[in-house]
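**Q** following is a predicted model, sequence given first.
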Amino acid sequence: MRHSLLAAELPTGLGTVLAAADDDEHVQLWDVSDPAAPRRTAELTLDSVATSAVFSPVDDVLAVGTEDGRVRLWDVADPSDPHPLGETSDALSSVKGLQFSPDGTLLAVAGPPPSSAA
């Protein structure tokens, strides 16, 4: 079994929530306002292993990319009760990275290079 950890933290000033994922197709949200005693507030269930996660720099939105190539958006304004906002439907390959633009209006998604035709 592969063991890995993926984590994303809200930008400074927006909150004290950490998103952490492992190989079990779940992302846990943690309240880290007291770093000595982090507290899990919720768990997001996915259909595939999370490969990338990033919080919007201006909104309470978490983007999660997965091994099956999908990107899911979650409203985490209340970290104890997150709500799905939507997801991509044209999965082609594993998501390798995510990044919001500074104003939070765009989300860049990185994947592996396309395979070359033989």
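**A** Structure's in. What do you need? Numbering: from 1, shown residues only.

**Q** going forward, measure contacts and count neighbours with C-alpha atoms only.
**A** OK.

**Q** my read: residue 25 touches residue 51, true?
**A** No. Applying C-alpha atoms under 8 Å as the test, residue 25 and residue 51 come out as separate, 9.9 Å apart.

**Q** compare the two (neighbour count), which wins?
**A** A direct count of neighbours by other C-alpha atoms under 10 Å for residue 25 and residue 51 places residue 51 higher, at 25 against 16.

**Q** for that one, pull up the helix or strand it's in.
**A** strand 50-55 (DSSP states H and E).

**Q** same check, this time on residue 65
**A** Using DSSP H and E, the element containing residue 65 is strand 61-66.

**Q** what comes up buried for the strand holding residue 51?
**A** 50, 51, 52, 53, 54, 55 (16 or more other C-alpha atoms under 10 Å).

**Q** got the contact list for the third one?
**A** Same thing as residue 52. 6, 64, 65, 66, 95, 96, 97, 98 (C-alpha atoms under 8 Å, 6 or more residues apart in numbering).

**Q** direction included, what does the strand holding residue 51 pair against?
**A** As defined by DSSP bridges, the strand partners of strand 50-55 come to strand 61-66 (antiparallel).

**Q** next structured bit after the partner strand?
**A** Tracing the chain C-terminally past strand 61-66 and defining elements by DSSP H and E, one meets strand 71-75 next.

**Q** which residues touch the helix or strand that that following strand is followed by?
**A** Per DSSP H and E, the first helix or strand lying C-terminal to strand 71-75 is strand 83-87. Strand 83-87 has contacts (C-alpha under 8 Å, 6+ apart) with 70, 71, 72, 73, 74, 75, 76.

**Q** now strand 83-87 and strand 71-75, what's the angle there?
**A** Orientation of strand 83-87 against strand 71-75 (axes from the mean of the first three to the mean of the last three C-alpha atoms, to 10 degrees) gives an angle of 150 degrees.

**Q** dump strand 83-87 to CSV, restricted to CA.
**A** Extracted in CSV, the C-alpha atoms of strand 83-87 (Å, rounded to 0.1, in the frame of the first residue of the first chain):
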residue,chain,number,x,y,z
HIS,A,83,-20.8,21.4,0.8
PRO,A,84,-19.8,20.4,-2.7
LEU,A,85,-20.0,23.2,-5.3
GLY,A,86,-19.3,21.1,-8.4
GLU,A,87,-16.7,19.1,-10.3
